[in-house]
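Asks: Sequence first, then the predicted structure, then my questions.
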Amino acid sequence: MMIVSRSMRASLAGLLLACSPIVLSQAMAKDQLVVDLVNEPSSLDPHKQWNPDSYYVYRNIFDNLVTRDDAGAIAPQIATEWKYSSDSEIVFTIRSDVKFHDGTPLTAKDVAFSVNRIIDKKFASPQLGQFNKILSAEATGEHEVTLKTDGAYPVLLAQLVKLSIVPQHVVEEKGNDGFNAAPVGSGPYKFTSWQRGVSVSLARNDDYWGEKGVFPTAEFRAVPDAATRIANLEAGASDLVVGLDADLSEQLKSSGAAKPLSVLTERIGYVKLNPNLPPFNDKRVREAVARSIDKQGIVDGLLGGVDKPLDQMATSAHFGYVEGLKGYPYDLDEAKRLIKEAGAAGKSVAFATSPTFDQRIVQAVAQMISDTGLTVNIEMTDMATYLKKAQSAPASQPSISFGRWSCACQDVDGVLFSLLHSSSAWASIADPKIDKLLEDARNTLDEKKRLEAYKTVSTYVVEEVPMVPIYQAAIIYGAAKNLEWQPTANESLFLNRMKWTD
Amino acid sequence: MPAFFLKRAFQALIAIIGVMTLIFFLQRLAGDPVLLLVPENATKADIEALRASLGFDRPLSVQYLEYMGALLTFDFGRSYVQNVPVWTLIASRLPYTLMLAGGALVVAFGVGIPLGVAMAVRRGSADAKAMMGVVLAGQSMPTFWSAILMIMVFAVWLGWLPPSGARDWPSIIMPSIALGLLSMATFARVSRTAVLDELEKDYVRTGHAKGLPMIRIVMRHLLRNAAIPVVTVAALEIANLLAGAVIVETVFAWPGLGQLTVQAINARDFMLVQGVVLLGAITAIVLNLVADLLYSIIDPRIRIEGSA
């Protein structure tokens, strides 16, 4: 109890003492960049929780073996080069001039430690699913690390973009909790403080080996309400805010102080159909759904025109995107005819969704499907229940479920394998032919073979309609007029890629 | 007196055990948070592995006994999502909740009670009706609307106050007013009724007969007698304020318990929800006890049951 009251008193005193008269005026040079997130990070230990509010912050504190440049191509970071010594073994050469924020050099041992930490079952990282094809990492030289994978694994580099390199000595000294509370990395910004529930403060790493940030400090704040984030931006209390929709973006366009910034991401809005249940066991009914959804109408009417209609479960940001593949065109009359022909008119179908998704889109899609003659019942549950339903045994999955998918790897393996392979909890089909294609594409480094396999699978999706891709989602940020920044498809906020003009 | 306390403590214990049992099982009716924690392309095996390592694969009765056992040693468990002890999270938010509740109470008491008394004393007059209008407005404006309106006016247009956050003392002004308005209306109405009741009493007439000015009768004699219903309402209102003001905290990005609770519920962070509920239950019980004790101090004619 003693500790409790003391910490409480300390916080109280802290807030009361910090009561100097406020000065909201802007300093001459931009000495601090303030970013408003939705929530505070769940974790600053990059090997624990993987969610946007966490990685927006910690990806600035840590480096990865490889990264993606603004154009989305894999680029060297801690690793300068890499080469496969066999299909399942890859050797990375590590930069020799990288120092952690505490001054100790980053070594091959730290890299191996980081990989082995996240794949350790006992560590129980929720991110394990992204790295479980890695068997081991070993420092095989002063500046050399060798990774072994379970067979050939073409998505390895795309996944390593997200594996932060942590200092072995700090983690071992401070323990997991201590490291989460005060993380030490090698990235362009270093951690200074975390005021729980309020903000995380970072300071520029002046010894950074790569491109340094222009802002001496940065603060990431938790501001759950989107209207408040906009008000902060307009009042000049923040410089960059996340999580805006098309309406708020419009509002910013007329503002004198701020502007919307948007970019197409690798996130795909889609509906999954359940071919195990009537009426969707009839291909004609599935095709009718595909023809009933006016994708362009949704994008223009609801999403503000920044998103992009999709014909396949991939975007041009993905490896495996099939150029020129077209789905069934929007044709309501044909859809109605198909429903009538299949005798499905008036049949009820459950449409699972959750409040996390944009309800306007869900409502619109449900309405469009019901225009064909089907009776659509929207079943809204909290996210956890929705996930449980969407990932239950194929026959008990909902007839229709809305989803927004991102594997954060820009490789269709992360989309198609999870949604279609019979071993995955999401799959509502079990087709040995499709399983084989997905496995083959996952287990070879031959890009041509992979592209071929994905082309067959994507064509199957278009023709058989186990799901209907709807749009490639854009992400919209609000930024102060003076901020210059090109957002990227992988939804990261790299501070050292932002500039300020006066 | 000791008998009274023993009895109340025993009742409190039963209530707390009941609340904790209820919240423990209610939350788990709908499953566990594992699917929310893993990335989208996790395999069934990954999901099962995480479930096992978090202990959700064990029978509910085992998990329940383990949790209640830990509670006895003041161990509130760890947040599954944030990987820190629940108590650390609650302790970091509690000061902000206390500050906001305090600020709101200042607004509610400071405005509500004088308003209520004035409305009663000047009953029927035009200014009393105008004051009633203010009270009604305070009660009927939805907080999410009045809060964002205040931000637009005082932060964005006038630039007098910070729009949101908890950086320095001006940042508590708007949340306190937004949250206090609701309670203010309640206090005004309750104190108006209480004062009206008292105005009929003999001692007020005696005061008038003695030639005392009205203000003196109210301040010296009447307020104390009218305080009992106000104290009862105050205990309930304070418990409400401490339980966290979800909407005000969300709009103003105020890092109190209400925001934490909503996030915990959405993320199915069971341990954290349980910790907040436990705190809420204890607060409500303690405040009611305090109210009971206050009655006998304010009005010595009221005796505490069992203390004869």
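Replies: Alright, I've got the coordinates. Please read these numbers as outputs of a predicted model, since none were measured by experiment. Numbering: from 1, shown residues only, chains lettered A, B, ... in the order given.
Asks: near chain A, which residues of the stretch 1-150 of chain B show up?
Replies: With CB under 8 Å from any CB of the partner chain as the criterion, the stretch 1-150 of chain B meets chain A at residues B:30-33, B:35-44, B:46-47, B:49-50, B:53-54, B:81-84, B:87-89, B:91-96, B:98-99, B:148. (C-beta placed from N, C-alpha, C; glycine too.)
Asks: Just the ones of those residues in helices?
Replies: B:35-37, B:44, B:46-47, B:49-50, B:53-54, B:87-89, B:91-96, B:98-99, B:148 (DSSP state H).
Asks: Give the PyMOL command for selecting the buried subset of these.
Replies: In PyMOL, a selection of the buried entries from these looks like this (16 or more other CB atoms under 10 Å in any protein chain shown):
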select buried, chain B and resi 35+36+37+46+47+49+50+53+54+87+88+89+91+92+93+94+95+96+98+99+148
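Asks: Going along the chain, name the helices of chain B.
Replies: B:2-28, B:34-37, B:44-54, B:60-72, B:86-121, B:126-140, B:143-150, B:173-199, B:202-210, B:214-216, B:223-242, B:246-251, B:257-266, B:270-298.
Asks: OK, contacts around the residue in the stretch 1-150 of chain B that chain A sits nearest to?
Replies: Nearest residue of the stretch 1-150 of chain B to chain A (CB to the nearest CB) works out as residue B:42 at 3.2 Å. Shown in contact with residue B:42 (CB atoms under 8 Å, 6 or more residues apart in numbering or on different chains): A:128-129, B:50.
Asks: Let me have those residues in TSV, adding distance to residue B:162 and pLDDT as columns.
Replies: Below are these laid out as TSV (distance: CB to CB, whole Å; pLDDT from 0 to 100):
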residue	distance to residue B:162	pLDDT
A:128	41	86
A:129	41	82
B:50	40	85
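Asks: Just the closest of the residues you listed to residue B:229, please.
Replies: Comparing the contacts of residue B:42 against residue B:229 with CB to CB picks out residue B:50 as the nearest, at 53.0 Å.
Asks: Just give the nearest non-adjacent residue to that closest one, would you?
Replies: Nearest residue to residue B:50 in three dimensions, chain neighbours excluded: residue B:34, at 5.4 Å (CB to CB, 6 or more residues apart in numbering or on different chains).
Asks: Low-confidence regions, the chain specifically.
Replies: All of this refers to chain A. A:1-29 (pLDDT under 70).
Asks: wrong one, chain B
Replies: Looking at chain B by pLDDT under 70, you get B:1, B:243-244, B:303-308.
Asks: wait, doesn't residue A:200 sit right on residue A:39?
Replies: No: between residue A:200 and residue A:39 there is no contact under CB atoms under 8 Å: 11.4 Å.
Asks: neighbour-wise, which of those two wins?
Replies: residue A:200 (28 against 19; other CB atoms under 10 Å in any protein chain shown).
Asks: hey, what's that one bridged with?
Replies: Under DSSP bridges, the beta-bridge partners of residue A:200 are residue A:194, residue A:220.
Asks: What is the burial count for the residue in the stretch 151-300 of chain A that chain B sits nearest to?
Replies: Nearest to chain B in the stretch 151-300 of chain A, going by CB to the nearest CB, is residue A:197, at a distance of 3.0 Å. Using other CB under 10 Å, residue A:197 has 22 neighbouring residues.
Asks: Any chance of the backbone angles for it?
Replies: With angles defined as degrees, to the nearest 10, residue A:197 sits at phi 80, psi -20.
Asks: and it, what does it touch?
Replies: Contact analysis of residue A:197 by CB under 8 Å, 6+ apart lists A:40, A:222, B:92-93, B:96, B:255-256, B:259-260.
Asks: I'd guessed residue A:344 sits against residue A:281; true?
Replies: No: the pair residue A:344 and residue A:281 does not pass the contact test of CB under 8 Å, sitting 10.2 Å apart.
Asks: buried sites along stretch A:342-352?
Replies: Neighbour-count burial for stretch A:342-352 flags A:342, A:344, A:347, A:349-352 (criterion: 16+ other CB under 10 Å).
Asks: which other residues reach stretch B:13-28?
Replies: Contacts for stretch B:13-28 (CB under 8 Å, 6+ apart): B:60, B:63-64, B:67-68, B:71, B:268, B:270, B:273-274, B:277-278, B:281-282, B:285.
Asks: So among these, which ones count as buried?
Replies: Of the contacts of stretch B:13-28, these count as buried by 16+ other CB under 10 Å: B:63, B:67, B:71, B:268, B:270, B:273-274, B:277-278, B:281, B:285.
Asks: quick check, distance from the longest strand anywhere in chain A to the centre of its chain.
Replies: The single longest strand within chain A, with elements called by DSSP state E, is strand A:258-273. Chain-centre distance of strand A:258-273: 11 Å, with CA atoms, centre = their mean, to the nearest Å.
Asks: That one - contacts with which helices or strands?
Replies: helix A:226-234, helix A:246-253, helix A:283-292, strand A:400-405, strand A:467-480 (3 or more CB pairs under 8 Å, 6 or more residues apart in numbering or on different chains; DSSP states H and E).
Asks: Quick one: closest of the ones you listed to residue A:99.
Replies: Of these, the one closest to residue A:99 (CB to CB) turns out to be strand A:467-480, at 31.3 Å.
Asks: who in the stretch 51-200 of chain A is up against chain B?
Replies: Within the stretch 51-200 of chain A, the residues that sit near chain B (CB under 8 Å from any CB) are A:121-122, A:124, A:126-130, A:132, A:176-177, A:180-181, A:196-199.
Asks: Any part of stretch A:485-492 near chain B?
Replies: No: counting by CB under 8 Å from any CB, chain B is not contacted by stretch A:485-492; separation bottoms out at 13.3 Å.
Asks: now what about that stretch, what contacts it?
Replies: For stretch A:485-492, contacts defined as CB under 8 Å, 6+ apart pick out A:52, A:55-56, A:59, A:68, A:70, A:72, A:161, A:240, A:261-267, A:315, A:317, A:406, A:408, A:410, A:475, A:477, A:479, A:497-499.
Asks: Need the buried ones from those residues selected in PyMOL.
Replies: The following PyMOL line selects those of the contacts of stretch A:485-492 that are buried, judged by 16+ other CB under 10 Å:
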select buried, chain A and resi 52+55+56+59+68+161+240+261+262+263+264+265+266+267+315+317+406+408+410+475+477+479+497+498
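Asks: so what's residue A:253 closest to, chain neighbours aside?
Replies: With sequence-adjacent residues excluded and distances taken as CB to CB, 6+ apart, residue A:253 is closest to residue A:260, at 6.4 Å.
Asks: ok, what's across the strand from the one you found?
Replies: Applying DSSP bridges to residue A:260 gives these bridge partners: residue A:478.
Asks: My guess is it contacts residue A:480. True?
Replies: No: counting by CB under 8 Å, residue A:260 stays clear of residue A:480, with 11.6 Å between them.
Asks: Please identify the helix or strand for residue A:35.
Replies: Secondary structure from DSSP states H and E places residue A:35 in strand A:32-37.
Asks: What is the subsequent helix or strand relative to that strand?
Replies: helix A:52-58.
Asks: show me the contacts for the residue in the stretch 251-400 of chain A that chain B sits nearest to.
Replies: Nearest residue of the stretch 251-400 of chain A to chain B, counting by CB to the nearest CB: residue A:387, 4.0 Å away. Contacts for residue A:387 were tallied using CB under 8 Å, 6+ apart; they are B:35-36.
Asks: Residue A:139 should be in a strand, yeah?
Replies: Yes: under DSSP: H, G, I helix; E, B strand; the rest coil, residue A:139 sits within a strand.
Asks: That concludes my questions; thank you for your assistance.
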